[in-house]
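>>> Build me a model from this:
(chains A and B)
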Amino acid sequence: MRKFSHLEGVAAPLPLANVDTDKILAGQHLKTVTREGLGKLLFSSMRYHDDGSRRPGFILNKTPYDQACILIAYENFGCGSSREHAPWALLDFGIRCIIAPSFADIFYNNCIKNGILPIQLAPDIVRSLIARVSDREGARISVDLQSQCILASYSKIDFDIDPNHKKRLLEGLDDIAVSLRFERDIDAFEKLREGQAKLFPPISLNASELQA
Amino acid sequence: MSTSARTLFQKIWDSHVAGALPDGRSLLYIDRHLVNEVTSPQAFAGLRAAGRTVRRPENTIAVSDHNVPTTNRAGGITEPESRIQVETLEHNVSEFGIPYIPLLSPLQGIVHVIAPEQGLTLPGMTIVCGDSHTSTHGAFGALAFGIGTSEAEHVLATQTLPQNPARTMLVRTRGHLASHVTAKDLILAIIGQIGTAGATGHVIEYCGEAITALGMEARMTICNMSIEAGARAGLIAPDETTFAYLHRTPGAPNGEDFEAAVAEWSALPSDPDARYDIEVDIDASTIGPMVTWGTSPQAVVAIDGKVPDLMSLADTAARQQAEQMLTYMGLDAGQPLLGLPIDTAFIGSCTNGRLDDLRAAASVIGGRHVAQGVRALVVPGSGLVKRAAEAEGLDRLFIDAGFEWRESGCSMCLGMNPDRLAPQERCASTSNRNFEGRQGPGGRTHLMSPAMVAAAAISGHLTDIRDFG
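Here you go, the predicted model:
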């Protein structure tokens, strides 16, 4: 997993609540078997006209926000589908940090898995931060995970984060490798389970019904 | 309060903790991993790149549902990218030895329809899938939730997921649903009340007489849309209705084993004095047939209601967002929803694509015909649902009335297969999401119950099922 420690760059304001994963990456763009190359399809309905030309008014089409590595939005960011394609698209565009008053659960987890830092701040702080970065002069901010603070035009904003999420982001830990260190526990659990096989039967499909 | 009183969620959690990670999270053992073609390719690729195997192929089941065309199945998939995803899944299940339901099998269908009908979803289990509507399976008293692709890879490799326990929310219904008011209306009303982020971080348990009176298919409709309230999962305590359903499924235990299982399952419901982090009351008896007017499932009113007056929204941001919704939906503030003309009607999806849903829709027809200019699709949730509906003659009722009778799949619930809306097309839909572009770029979705969609298809506009004799 990619590490996250410190980030400095342009923050793009997206003053919308309930930005859903269909909006971040539309269903018709999920037909891929890799994680790469989705950045150009990020927010496609807001970024492009039907003929594929750019909508000049959309924030990620404007300088300097087209170089954004931080996104700031309102409540319940990432609601809807579990598609990890949404954080993959954000990452491929260059977004490494999202600031919002709240996030949807699955999206939040998917961010952590991909080295994207989701920062939760009080709604009024998010509003003032959006106002600040909406001025091009104030668009560059920095985020430091170790010290849990954001620096935006000479002011410092502290943020909270679950210590586990912080550690995983800082160290870029491979969750699977960590869990596999506990394989003996899983073995032991499955051994216990053998006595309950009738409650948790293995899946076996009837071959004749499958073909019928 | 007894300190040992536990909720259904806590009981399932406690019986699935396989280990404790150094970071304080638990390794939650997963009984069922459902796999589809869209969210799994990168998980298998990751597994392969790390030289890992699938720990428990026999706890895993795969099927293609999102991408598949619902016409001319034998003709294969013509969209190359969709075909590659399905072929990639076929290659992966064969390499890793995972049970798979092929596209041409009569058992094929939407994974959240198939697993319950095959009896793969059992009370007290943990069930995950790279799909947010995995919450559906909570109708059986199983802890079921959607996961991302990285988490799917984790489950494939370890049969566990690192988790912190969720908070719990009790949604307690009072009274019974009125005539013509369905599980879909109830869950839309609940989402309207608590909001799309109302249950974030929580597992919702639904209870009360309006819930226990529901059959299993209707309970699945309720739990299915838990995610639209932001919940990690939805749960309904298993009871005699659950056991009677399971008894007919091939995957449930047989004979004496079934009786033994029922005894175990009967201990799952929350203890009477168990505590929840949040409790919400809802009066089921006052709910009418519901219709969404906006691009979020919480933007919902009763069919005899109106699009809200924007001035009633105090917050400027909320007003701006509502304005954007109305612009997208082509509606005006304060406009009544009754009589709004539709272009398309869609009956199907993991929310409302089961036999009872098709029966409810068919019962509305009464010898009438789909309105001129309206395209109406009926897409059974699985091959078995289709076969059962045909055995009852529902297909003839639909076809004679001008509905298209399709093969099973996710179809128009999401714009990933050939069934989609054209820009600005307005659709009465039994699906679960009305997000911008969900059913196709620019498409306008109104969520409602199967009977309401059928009534809209026939009359050509949004109609109150209570007045549709």
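>>> residues in contact with A:Cys149?
Listed by C-beta atoms under 8 Å, 6 or more residues apart in numbering or on different chains, the contact partners of A:Cys149 are A:Val143, A:Lys156, A:Ile157, A:Asp158, A:Phe159. In this view, the C-beta of every residue, glycine as well, is placed from N, C-alpha and C.
>>> mind running it again at 7 Å?
A:Lys156, A:Ile157, A:Asp158, A:Phe159 (C-beta atoms under 7 Å, 6 or more residues apart in numbering or on different chains).
>>> From chain B, how far off is the last one?
Using C-beta to the nearest C-beta, to the nearest Å, we find A:Phe159 at a distance of 18 Å from chain B.
>>> Not including adjacent chain positions, what is the nearest residue to that residue?
If the residues on either side of it in the chain are set aside, A:Phe159 comes closest to A:Ile119, at 4.9 Å by C-beta to C-beta, 6 or more residues apart in numbering or on different chains.
>>> for that neighbour, helix, strand, or coil?
strand (DSSP: H, G, I helix; E, B strand; the rest coil).
>>> so what's it bridging to?
A:Ile99 (DSSP bridges).
>>> Next one, pLDDT for it please.
We have a pLDDT of 98 for A:Ile119.
>>> same thing with B:Met1?
So, for B:Met1, pLDDT stands at 44.
>>> circling back: in strands, which of the contacts of A:Cys149 fall?
A:Lys156, A:Ile157, A:Asp158 (DSSP state E).
>>> what's near enough to touch the last one?
With contacts defined as C-beta under 7 Å, 6+ apart, A:Asp158 is in contact with A:Gln148, A:Cys149.
>>> for the second one, same thing?
For A:Ile157, the residues meeting the contact criterion (C-beta under 7 Å, 6+ apart) are A:Leu121, A:Ile125, A:Cys149, A:Ile150.
>>> residue ranges with poor pLDDT in the chain?
No chain in the question, so chain A it is. Residue ranges of chain A with pLDDT under 70: A:212.
>>> Correction: the question concerned chain B.
Using pLDDT under 70, chain B drops low at B:1-3.
>>> ranges for the helices of chain A?
Assigned by DSSP state H, the helices in chain A fall at A:21-24, A:44-47, A:85-93, A:105-113, A:123-134, A:163-171, A:175-180, A:183-193, A:207-211.
>>> doesn't B:Ala199 fall inside a helix?
No - read with three-state DSSP, B:Ala199 is coil and lies in no helix.
>>> List the residues that contact it.
Counted by C-beta under 7 Å, 6+ apart, B:Ala199 has contacts B:Met169, B:Ser226, B:Ala229, B:Gly230, B:Ala231.
>>> For the first one, grab phi and psi.
As for B:Met169, its main-chain torsions (degrees, to the nearest 10) stand at phi -130, psi 130.
>>> Stretch A:194-212 close to chain B?
Yes - using C-beta under 7 Å from any C-beta of the partner chain, stretch A:194-212 reaches chain B at A:Lys198, A:Leu199, A:Phe200, A:Pro201, A:Pro202, A:Ile203, A:Leu205, A:Asn206, A:Glu209, A:Leu210, A:Gln211, A:Ala212.
>>> Could you pull up the residues touching A:Leu173?
A:Met1.
>>> residues near residue 115, how many?
In the absence of a named chain, chain A is used. Neighbour count for A:Gly115, taken as other C-beta atoms under 10 Å in any protein chain shown: 16.
>>> Correction: the question concerned chain B.
For B:Ala115, using other C-beta under 10 Å, the count is 29.
>>> does it sit in a helix or strand, and which one?
helix B:111-117 (DSSP states H and E).
>>> immediately after that helix, which helix or strand?
From helix B:111-117 onward toward the C-terminus, using DSSP H and E, the following helix or strand is strand B:126-129.
>>> Which elements pack onto that next one?
Other helices and strands packing on strand B:126-129, by 3 or more C-beta pairs under 7 Å, 6 or more residues apart in numbering or on different chains; DSSP states H and E, are strand B:32-35, strand B:143-146.
>>> and if we set it to 10 Å?
Under the contact criterion of 3 or more C-beta pairs under 10 Å, 6 or more residues apart in numbering or on different chains; DSSP states H and E, strand B:126-129 touches strand B:26-29, strand B:32-35, helix B:111-117, strand B:143-146, helix B:149-158, strand B:160-163, strand B:233-236.
>>> Can you tell me which of the contacts of B:Ala199 end up in strands?
B:Met169.
>>> Out of the contacts of B:Ala199, who's the most crowded?
Going by other C-beta under 10 Å, B:Ser226 tops the contacts of B:Ala199 with 33 neighbours.
>>> if you skip the residues just before and after it, what's nearest to it?
Using C-beta to C-beta, 6+ apart, the closest residue to B:Ser226 is B:Gly234 (3.1 Å).
>>> and which of the contacts of B:Ala199 is nearest to chain A?
B:Gly230 (6.1 Å; C-beta to the nearest C-beta).
>>> Looks like that closest one contacts A:Phe77 (just checking).
No - look at B:Gly230 against A:Phe77 with C-beta atoms under 10 Å: they stay out of range, at 11.6 Å.
>>> Show me whatever sits in contact with both of these two.
A:Asn18, A:Ser102, A:Phe103, A:Ala104, B:Ala197 (C-beta atoms under 10 Å, 6 or more residues apart in numbering or on different chains).
>>> out of these, which are buried?
A:Asn18, A:Ser102, A:Phe103, A:Ala104, B:Ala197 (16 or more other C-beta atoms under 10 Å in any protein chain shown).
>>> Report how many residues lie close to the closest residue to the second one other than its chain neighbours.
Which is A:Ser102. Nearest non-adjacent residue to A:Ser102, counting by C-beta to C-beta, 6+ apart: A:Glu75, 5.0 Å away. Residues lying near A:Glu75 (other C-beta under 10 Å) number 21.
>>> measure B:Gly348 to A:Ala26 for me?
From B:Gly348 across to A:Ala26, the span is 20 Å (C-beta to C-beta, to the nearest Å).
>>> ok, these two, which is more surrounded?
Taking other C-beta under 10 Å, B:Gly348 and A:Ala26 do not tie; B:Gly348 has more neighbours (33 against 25).
>>> Report the contact partners of the nearest residue to the more buried one once chain neighbours are set aside.
Of all residues not flanking B:Gly348 in the chain, B:Val379 sits nearest, at 3.3 Å (C-beta to C-beta, 6+ apart). Counting by C-beta under 10 Å, 6+ apart, B:Val379 touches B:70, B:109-110, B:346-349, B:353, B:358, B:385-386, B:404-413, B:419, B:430-431.
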